[in-house]
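In: what shape does this take:
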Amino acid sequence: MEYDIRPWGEYWVLEDASTHKVKRIKVKKGGRLSLQYHKYRAEVWTIISGIGTITINDKTVDYHPGEVAIIPQGAHHRIENKYNEPVIFIEVQHGTYFGEDDIVRIEDDYNRL
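Out: Alright, predicted model coming up:
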């Protein structure tokens, strides 16, 4: 199983197929992913625990356990954890390509542009 540590938390790849990729992602307290978009994939995020503050284009909403965010291909998006408990969510990617190099960063707290 692929595993990676990032400045905002960590993730595990649960499944990697030609048609989709599934990740379990943990965002630590105060962590925030880059504002980004993808050219080749869309994503579906399901919150498992914690409260994730999710931005999709110009709309920002708190998502709670069991709630689902649909991120269309090309939509600007990010998740952040403004609360004490870690945010854990399942990300299902679907499209034509799932490489990490399909992350186009618009804004990043960790200077990874």
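In: looking at this structure, which residue ends up farthest from its center?
Out: Ser18 (19.5 Å; Cα atoms, centre = their mean).
In: who touches that one in this structure?
Out: Not one residue lies near Ser18 by Cβ atoms under 8 Å, 6 or more residues apart in numbering. All C-beta atoms are positioned from the backbone trio N, CA, C, and that covers glycine.
In: swap in Val44?
Out: With Cβ under 8 Å, 6+ apart, Val44 has these contacts: 68-71, 91-92, 94.
In: hmm, try it at 10 Å
Out: By Cβ atoms under 10 Å, 6 or more residues apart in numbering, the contact list for Val44 reads 20, 22, 68-71, 89-94.
In: got CSV for these, with pLDDT, distance to Arg78 and secondary structure too?
Out: Converted to CSV, those look like this (pLDDT from 0 to 100; distance: Cβ to Cβ, whole Å; DSSP: H, G, I helix; E, B strand; the rest coil):
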residue, pLDDT, distance to Arg78, secondary structure
His20, 98, 21, strand
Val22, 98, 20, strand
Val68, 98, 16, strand
Ala69, 98, 11, strand
Ile70, 98, 15, strand
Ile71, 98, 10, strand
Phe89, 99, 12, strand
Ile90, 99, 17, strand
Glu91, 98, 13, strand
Val92, 98, 17, strand
Gln93, 98, 16, strand
His94, 98, 19, strand
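In: in PyMOL, select just the buried ones from the residues you listed.
Out: Buried members of the contacts of Val44, defined by 16 or more other Cβ atoms under 10 Å, are picked up in PyMOL with:
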select buried, resi 22+69+71+89+91+92+93
